[in-house]
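[1] starting from these lines, generate the structure:
(one chain, ligands or ions: 1)
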Amino acid sequence: AFCFINSFSTPIPTLMNIAVIGSGTMGNGIAHVFAQHGFSVSLIDISQPALDRALGTITKNLDRQVAKGSLSDDDKTATLGRLRTFTSLEEGVAGAGLVVEAATENVELKLQIFRDLDRYAPQDAILASNTSSISITRIAAVTKRPAQVIGMHFMNPVPVMKLVEVIRGYATSDTVTAQVMDLSRQLNKIPTEVNDYPGFVANRILMPMINEAIITLFEGVAGVEEIDTVMKLGMAHPMGPLQLADFIGLDVCLAILRVLHEGLGNPKYAPCPLLVNMVMAGRLGVKSGEGFYQYT
Ligand code: CAA
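    From the prediction side, this is the model:
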């Protein structure tokens, strides 16, 4: 069993072994920061080409840090040396103290992954999800270890953003919460503990702002650039809400708004019809080459 760990204490050895499921944008960022901070990381994906691309992205982002002087060449080499890739979940999670799932945001897929993790990950392992909106309590309920299931919600771009939103499911234990808070601090991040309700805190507040920006555009109050300029220069946001929506993915924004709308039962969360149309038309933002802006 895990021993209780106080903040800033040295972790028990298995907690130095991290498995990350999914090698997309979030998964490769999560693997990057754990490896950079001295953890051994197994990055797992069903697709070997996706794993190869992820290692390429991590290398590129480490190069960026080296070029800027925030990381030495030796640290870059050591970071890459702590990363291993697997296409088998069973092999990848053997010996892990913490598994962070960052697969596609699809409920059935995540539930199946957690059933598999419960079967193959060591009994003591903490099972975390990077979900941005699926209930941690629901995910935990498909495992036999709901006290060890927790949300660890990183923000994109993971190597840059300081926040980890730590989400306690209904059954998550105090010990596991303290361990995950401590691990997040070891990544030089600031963890924030929140409870498991729709959208948690980050997206409960961010998505209505993005939706309101889209409604403002839809109603013809102002154009895309005007709306973003007001929020960027007027409120000192690094990106305007429409550019941020493109960056997050309009399909992801729509899915999260639907979770808020359904889960909280308040019409104020209803997604703007323009957002629904854009997603149906395949205009998903940066990843599809076009959203509120063009990316070519
Ligand atoms: N890896 C490593 N470093 C990176 C990086 C990456 N992937 N991406 C950017 N950086 C670094 C750059 O090297 C640069 O570092 P310095 O300032 O030290 O030189 C810094 O980040 C800024 O990058 P750029 O100069 O290239 O570009 P920028 O100034 O436009 O900043 C940004 C880019 C950090 C993305 C900034 O625009 C920003 O903060 N945007 C908002 C991000 C945000 O809100 N994220 C949360 C989205 S919501 C979410 O993730 C959760 C959800 O559930 C939907």
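[2] for the residue in the stretch 51-200 of the chain that the ligand sits nearest to, phi and psi?
    Closest to the ligand within the stretch 51-200 of the chain is residue 132: 3.0 Å, counting by CB to the nearest ligand atom. C-beta here means a position set from N, CA and C on the backbone, and glycine is covered the same way. Backbone geometry at residue 132, expressed as degrees, to the nearest 10, gives phi -90, psi -10.
[3] which secondary structure state does residue 238 sit in?
    coil (DSSP: H, G, I helix; E, B strand; the rest coil).
[4] contact partners for the residue of the stretch 51-200 of the chain closest to the ligand?
    For residue 132, the contacting residues are 105, 153, 202, 203, 252, 256, by CB atoms under 8 Å, 6 or more residues apart in numbering.
[5] cool, and residue 260?
    So residue 260 contacts 133, 198, 199, 203, 204, 207, 208, 269 (CB under 8 Å, 6+ apart).
[6] in which helix or strand does it reside?
    For residue 260, the element it lies in under DSSP states H and E is helix 250-264.
[7] run the chain-centre distance for that helix.
    16 Å (CA atoms, centre = their mean, to the nearest Å).
[8] related to what we said a few turns ago, could you work out the most separated pair of the contacts of residue 260?
    133 and 208 (13.1 Å; CB to CB).
[9] more neighbours: these two, which one.
    residue 133 (22 against 16; other CB atoms under 10 Å).
[10] ok, the more buried one touching residue 203?
    Yes: Residue 133 lies in contact with residue 203 (CB atoms under 8 Å); the separation is 5.8 Å.
[11] what do these two both touch?
    256, 260.
[12] in which helix or strand would I find residue 74?
    helix 73-81.
[13] can you list the strands that the very next helix or strand once past that helix pairs with?
    Going down the chain from helix 73-81, the next helix or strand is strand 83-86, by DSSP H and E. Counting by DSSP bridges, the strands paired with strand 83-86 are strand 40-44 (parallel).
[14] between helix 73-81 and the strand it pairs with, find me the angle.
    Strand 40-44 runs at 50 degrees relative to helix 73-81, counting by axes from the mean of the first three to the mean of the last three CA atoms, to 10 degrees.
[15] would you put the C-alpha positions of strand 40-44 in CSV?
    This file holds the C-alpha atoms of strand 40-44, laid out as CSV (Å, rounded to 0.1, in the frame of the first residue of the first chain):
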residue,chain,number,x,y,z
SER,A,40,10.5,7.6,-15.9
VAL,A,41,7.7,7.8,-18.4
SER,A,42,6.0,5.1,-20.4
LEU,A,43,4.0,6.8,-23.2
ILE,A,44,1.3,4.4,-24.5
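[16] ok, back up a step: pull the residues that contact the helix holding residue 74.
    32, 35, 36, 55, 58, 59, 62, 63, 65, 66, 71.
[17] three-state assignment of the closest residue to residue 45 other than its chain neighbours?
    Using CB to CB, 6 or more residues apart in numbering and skipping the chain neighbours, the partner closest in space to residue 45 is residue 23 (4.0 Å). Assigned state for residue 23: coil (three-state reduction, three-state DSSP).
[18] please apply the same query to residue 151.
    strand.
[19] ok, it to residue 281 distance?
    32 Å (CB to CB, to the nearest Å).
[20] who's more crowded, these two?
    residue 151 (27 against 11).
[21] which residues does the more buried one contact?
    Counted by CB under 8 Å, 6+ apart, residue 151 has contacts 128, 129, 130, 131, 136, 165, 166, 167, 168, 169, 196, 200.
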